[in-house]
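A.B. asks: Give me a 3D structure for the following:
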Amino acid sequence: MEIKQLYENLSEYKNKNVTLEGWIRNHRKQKEFGFIDFSDGSFFKTIQVVYDNQLSKFDEIQKLHVGSAIKVSGLIVDSPASGQDFELQATDIILLGDCPEDYPIQPKRHTREFLREQAYLRPRTNLFQAVFRVRSVAAYAIHNYFQSRGYVYFHAPLITASDCEGAGEMFQVTTLDLDKIAKLGEVDYSKDFFGKKASLTVSGQLEAETFALAFNKVYTFGPTFRAEKSNTKTHANEFWMIEPEIAFCDLEKLMEIEEEMLKCVIKEVLDKCPLEMAFFDKFVEKGLINKLEHVINSKAVKIDHKDAIDLLLKADVTFENKPKQGEDLATEHEKYLTQYFNSPVFVTNWPKDIKAFYMRMNDDGKTVAAVDLLVPGAGELMGGSQREERYDYLEKRMKEMKISKEGMEWYLNLRKYGGCVHSGFGMGFERFLIYITGVENIRDVIPYPRTPGNCDF
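C.D. replies: Just a heads-up that it's a prediction; the model follows:
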């Protein structure tokens, strides 16, 4: 059985014998008895195993090291110790997998930097038990949100010949001999594996649009890649994205979906992970649960990008980056806006020059139907837009931004073959996890981070 069953059905197992398999988190030894802090990974809380010198293998048990895998049999009884309702009085402890004394994850406080170097072992610590349990529950909640509303889960290709963002920060995929290319100084992509230049995807959006115009509502949830040499706390070169695409959906309807999804997923995490969230609230970010509950219970404000800049320019605050019309918002601006309105904020109708080619041009010819959702305490969490459904407008926009039509004919043809108003948004999963856990570094919410100079494990 599992520790989770004991905590959830304690009355059923009280004063009964059980057998558990798991690992030693801590081992405190005394002359006539000992205490083992025992975890099997099924529950955030551990269980205390108590044994004494009446056991025939007492001397052997006393030698068991932290990190060892063991099988424990014994009686579940009330605990006299404060802070725990029950404990297991062992009748037998069997070593299943030994662990040396120099095991890196000892029962003491480790820095997160040290634990990144031991990424294959860090899930055994309280912090990362909580982080990756929440990651699992949040991922399920996202799937559940879309599946329960009739969306089709679309698997976007990871290898692509198109650059969705037009930024060129893509990892190339090739089977060509790089040493030979270096000597010759030229590349013939016609001889490469796919017969053309190919890269790892930065987004599944463009391909998802093709399925949205067949299934009405679809979403992607998978890994994406950016060859961006950035070492900030919120950037990684491999990360997961959630990208819904909805046909017959304008910008107003899209914002309703974004807000509803965010609230539903946060609520499910709070409901399903109360112990983990309480841990984050106590040890990682004070007031975290109140912050998240405030988002659930508040209504998002909508403001045009131009009005947001005007508001920032009038603010009695000295910003490190001065707000300017026609330019992007800095994180400090985003945080100010959410503080000012004391709620999530939708910033809409952005200057066309700082947004992607596929966003629908507004009637003013200067802005596009784009939206960023800002959340209190973090800033931007989601970015979306109404897609340009008019062939001639999209073609003109691509020409302006020097995006070649070659290889993108299929995307343009969507506007010819039964095209319609459609919209979508993207949310970086790791950024969402940073927000709901309070763990501020992206390297600590993804199992094995891929960042510049780091591709271990």
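A.B. asks: Neighbours of residue 43, how many?
C.D. replies: 18 (other Cβ atoms under 10 Å). In this view, the C-beta of every residue, glycine as well, is placed from N, C-alpha and C.
A.B. asks: What separation do you get for the closest residue in space to it that isn't next to it in sequence and residue 20?
C.D. replies: Nearest in space to residue 43, with sequence neighbours left out and distances taken as Cβ to Cβ, 6 or more residues apart in numbering, is residue 4 at 4.1 Å. Distance from residue 4 to residue 20, counting by Cβ to Cβ, to the nearest Å: 11 Å.
A.B. asks: Regarding the closest residue to residue 187 other than its chain neighbours, what is its secondary structure?
C.D. replies: Once flanking residues are discounted, residue 187 sits nearest to residue 181: 5.6 Å by Cβ to Cβ, 6+ apart. Of the three states, residue 181 takes helix under DSSP: H, G, I helix; E, B strand; the rest coil.
A.B. asks: what about residue 181, distance to residue 189?
C.D. replies: Taking Cβ to Cβ, one finds residue 181 at 11 Å from residue 189.
A.B. asks: same deal with residue 139?
C.D. replies: In terms of Cβ to Cβ, residue 139 sits 36 Å off from residue 189.
A.B. asks: that older thread, hang on, isn't the residue nearest to residue 187 packed against residue 191?
C.D. replies: No. Checked against Cβ atoms under 8 Å, the pair residue 181 and residue 191 is beyond contact range at 10.6 Å.
A.B. asks: More neighbours: which of these two?
C.D. replies: Taking other Cβ under 10 Å, residue 181 and residue 191 do not tie; residue 181 has more neighbours (13 against 9).
A.B. asks: residues making contact with stretch 341-350?
C.D. replies: Under the contact criterion Cβ atoms under 8 Å, 6 or more residues apart in numbering, stretch 341-350 has outside partners 251, 255, 258-259, 262, 294-295, 298-306, 308, 329, 334, 337-338, 359, 362, 367-376.
A.B. asks: Convert the C-alpha atoms of the helix or strand harbouring residue 128 to PDB, please.
C.D. replies: Residue 128 belongs to helix 126-147 when assigned by DSSP states H and E. Taking C-alpha atoms only, helix 126-147 is exported to PDB below (Å, rounded to 0.1, in the frame of the first residue of the first chain):
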ATOM      1  CA  ASN A 126      10.500  18.700  -0.100                       C
ATOM      2  CA  LEU A 127      10.700  21.700  -2.400                       C
ATOM      3  CA  PHE A 128      10.900  19.700  -5.600                       C
ATOM      4  CA  GLN A 129       8.400  17.100  -4.400                       C
ATOM      5  CA  ALA A 130       6.000  20.000  -4.100                       C
ATOM      6  CA  VAL A 131       7.000  21.700  -7.400                       C
ATOM      7  CA  PHE A 132       6.700  18.600  -9.600                       C
ATOM      8  CA  ARG A 133       3.500  17.400  -8.000                       C
ATOM      9  CA  VAL A 134       2.000  20.800  -8.700                       C
ATOM     10  CA  ARG A 135       3.400  20.600 -12.300                       C
ATOM     11  CA  SER A 136       1.700  17.300 -12.800                       C
ATOM     12  CA  VAL A 137      -1.600  18.500 -11.400                       C
ATOM     13  CA  ALA A 138      -1.500  21.700 -13.300                       C
ATOM     14  CA  ALA A 139      -0.800  19.900 -16.600                       C
ATOM     15  CA  TYR A 140      -3.800  17.600 -16.000                       C
ATOM     16  CA  ALA A 141      -6.000  20.600 -15.100                       C
ATOM     17  CA  ILE A 142      -5.100  22.300 -18.300                       C
ATOM     18  CA  HIS A 143      -6.000  19.200 -20.400                       C
ATOM     19  CA  ASN A 144      -9.200  18.800 -18.300                       C
ATOM     20  CA  TYR A 145     -10.200  22.400 -19.000                       C
ATOM     21  CA  PHE A 146     -10.000  22.000 -22.700                       C
ATOM     22  CA  GLN A 147     -11.100  18.400 -23.000                       C
END
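A.B. asks: Determine how far that helix lies from the middle of the whole chain.
C.D. replies: In terms of Cα atoms, centre = their mean, to the nearest Å, the centre of helix 126-147 is set 9 Å apart from its chain centre.
A.B. asks: So for that helix, mean pLDDT?
C.D. replies: Averaging pLDDT along helix 126-147 gives 98.
A.B. asks: Same question for stretch 434-451.
C.D. replies: On average, stretch 434-451 scores 96.
A.B. asks: do the same with stretch 75-83
C.D. replies: 87.
A.B. asks: can you check stretch 258-270 too?
C.D. replies: Mean predicted lDDT for stretch 258-270 stands at 98.
A.B. asks: Pull the residues that contact that stretch.
C.D. replies: Counting by Cβ under 8 Å, 6+ apart, 134, 137-138, 141-142, 144-146, 244, 277, 289, 292-293, 295-296, 300, 344, 346, 371, 373, 375, 381-382, 384, 425, 432, 436 sit against stretch 258-270.
A.B. asks: for that stretch, which positions count as buried?
C.D. replies: Using 16 or more other Cβ atoms under 10 Å as the test for burial, stretch 258-270 gives 258-259, 261-266, 268-270.
A.B. asks: Pick the one among those closest to residue 449.
C.D. replies: residue 269 (21.5 Å; Cβ to Cβ).
A.B. asks: Name the helix or strand for that closest one, please.
C.D. replies: helix 251-272.
A.B. asks: Would you mind pulling up the elements that the helix or strand following that helix packs against?
C.D. replies: Using DSSP H and E, the helix or strand that follows helix 251-272 in sequence is helix 274-283. If you count contacts as 3 or more Cβ pairs under 8 Å, 6 or more residues apart in numbering; DSSP states H and E, helix 274-283 packs onto helix 126-147, helix 288-297.
A.B. asks: could you redo the last one with a cut-off of 10 Å?
C.D. replies: helix 126-147, helix 251-272, helix 288-297, helix 429-437 (3 or more Cβ pairs under 10 Å, 6 or more residues apart in numbering; DSSP states H and E).
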